[in-house]
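Peer 1: turn this into a structure:
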Amino acid sequence: LLMSMGANLLTPSCDGYPAKLKFRCSRPPVLSVSGDPSLLSLRGLAVVGSRKVSPASRAWLEGELSKALVSEKAKQNLCVISGGAMGVDQLAHQLALLSGVPCLCVAPVGLAKLYPKSLIHLANVIRDRGGLLVSPFRPSQTVRKSLFASRNFVLANLANLLFVVQAEKRSGSLM
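Peer 2: Numbering: from 1, shown residues only. Predicted coordinates:
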């Protein structure tokens, strides 16, 4: 199944397993990856937030984040990391793609069961433009609320800098 998706498995004993996760006590025993695994060694700017993007958050992302991403330095050694959720996450991926900065999407499910459905098309664009999909779950893992904390752990630990753009008081963005 993984090979048909162009995906591979990385374990902590593999050379490509991210150093940022390798020495964590709660590291995932296996990562499913599809796309360019060299992105795991780049500096990561994680952007997460609410599914319902406020006009102020949208303006900040489209203005300030977009400006930061167009510099040559950003394009050379930076990737934008997010979780692929609707709202802030997908908007951050789209802005990175428009700026020519690669995306690393950490999925909350197995790579064969992408969620939300709006992520399926975006995931293909991310891979086609040199990005990477990562999942700490087996490829056939379907969505469960309890998995989001594991996804967020991986996302946060792959990042060098994390922006929580907008979040409700009780939300996964603050997790």
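Peer 1: secondary structure element holding the nearest residue to Ser82 once chain neighbours are set aside?
Peer 2: The shortest distance from Ser82 to any non-neighbouring residue, by Cβ to Cβ, 6 or more residues apart in numbering, is to Asp89 (4.1 Å). C-beta coordinates here come from the backbone N, C-alpha and C atoms, glycine included. Taking DSSP states H and E as the definition, one finds Asp89 inside helix 88-99.
Peer 1: which strands and helices lie in contact with that helix?
Peer 2: On a contact count with 3 or more Cβ pairs under 8 Å, 6 or more residues apart in numbering; DSSP states H and E, helix 88-99 meets strand 43-49, helix 66-69, strand 78-82, strand 103-106, helix 118-128, strand 161-166.
Peer 1: how about low-confidence regions in the chain?
Peer 2: 1-5, 72-75, 166-175 (pLDDT under 70).
Peer 1: apart from its chain neighbours, what residue comes closest to the most centrally placed residue in it?
Peer 2: Centroid-nearest residue in the chain, with Cα atoms, centre = their mean: Cys105, separated by 2.5 Å. Using Cβ to Cβ, 6+ apart and skipping the chain neighbours, the partner closest in space to Cys105 is Gly84 (4.5 Å).
Peer 1: ditto for Leu91
Peer 2: Excluding the flanking residues, the one nearest Leu91 by Cβ to Cβ, 6+ apart is Leu61, at 5.6 Å.
Peer 1: list the contacts for the one you found?
Peer 2: Counting by Cβ atoms under 8 Å, 6 or more residues apart in numbering, Leu61 touches 47, 53, 88, 91-92, 95, 165.
Peer 1: tell me the one among those residues nearest to Val70.
Peer 2: Leu95 (10.0 Å; Cβ to Cβ).
Peer 1: which residue packs closest to that closest one, ignoring adjacent ones?
Peer 2: In space, and not counting its chain neighbours, Leu95 is closest to Ser66: 5.3 Å by Cβ to Cβ, 6+ apart.
Peer 1: and the gap between Ala19 and Pro12?
Peer 2: 10 Å (Cβ to Cβ, to the nearest Å).
Peer 1: what about those two, which has more around it?
Peer 2: Pro12 (15 against 8; other Cβ atoms under 10 Å).
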